[in-house]
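Enquirer: Mind folding the following:
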Amino acid sequence: QVQLVESGGGLVQAGGSLRLSCAASGRTFSSYPMGWFRQAPGKEREFVAAINWSGDSTYYADSVKGRFTISRDNAKNTVYLQMNSLKPEDTAVYYCAATRTFVVRDPRGYTYWGQGTQVTVSS
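Expert: The predicted model follows:
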């Protein structure tokens, strides 16, 4: 069982930056690939970024490639999402998630989810 808690969301102007954190409980965190997803009002939850268990492979949605960076610190049981050059269309609730299998872009492939953190980008 893994429990996930996101933090770091907030209100930022377009062009600004935020760093999201996702703290995980459980001694097996380092064995789980992790992902970040987001959901805007009235839209489906969408893939943002993912990272394998060791942190040496990362994956991004085209919409965030070059602006967002996912990373993890297994010693701290934490995964991060550094978001730069934010745009109003990045406004959403951001969720971190853990999968027991392998990295996928489909949210249905993830077993454990955090409660989400709101990111609002003003124009």
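Enquirer: contacts and neighbour counts: CA atoms only from here.
Expert: Noted.
Enquirer: burial count for residue 62?
Expert: The tally of other residues near residue 62 (other CA atoms under 10 Å) stands at 11.
Enquirer: and it, how far is that from residue 123?
Expert: Between residue 62 and residue 123 the distance is 21 Å, computed by CA to CA, to the nearest Å.
Enquirer: again, but for residue 66
Expert: On the measure of CA to CA, residue 66 and residue 123 end up 20 Å apart.
Enquirer: what's the answer for residue 18, then?
Expert: 15 Å.
Enquirer: Likewise for residue 6?
Expert: From residue 6 to residue 123 the distance is 24 Å (CA to CA).
Enquirer: for residue 73, same thing?
Expert: 33 Å.
Enquirer: between these two, who's got more neighbours?
Expert: Comparing residue 73 with residue 123 by other CA under 10 Å, the one with more neighbours is residue 73, at 14 against 11.
Enquirer: Quick check: closest non-adjacent residue to the more buried one.
Expert: residue 79 (6.3 Å; CA to CA, 6 or more residues apart in numbering).
Enquirer: Dig out what that neighbour forms beta bridges with.
Expert: residue 22, residue 72 (DSSP bridges).
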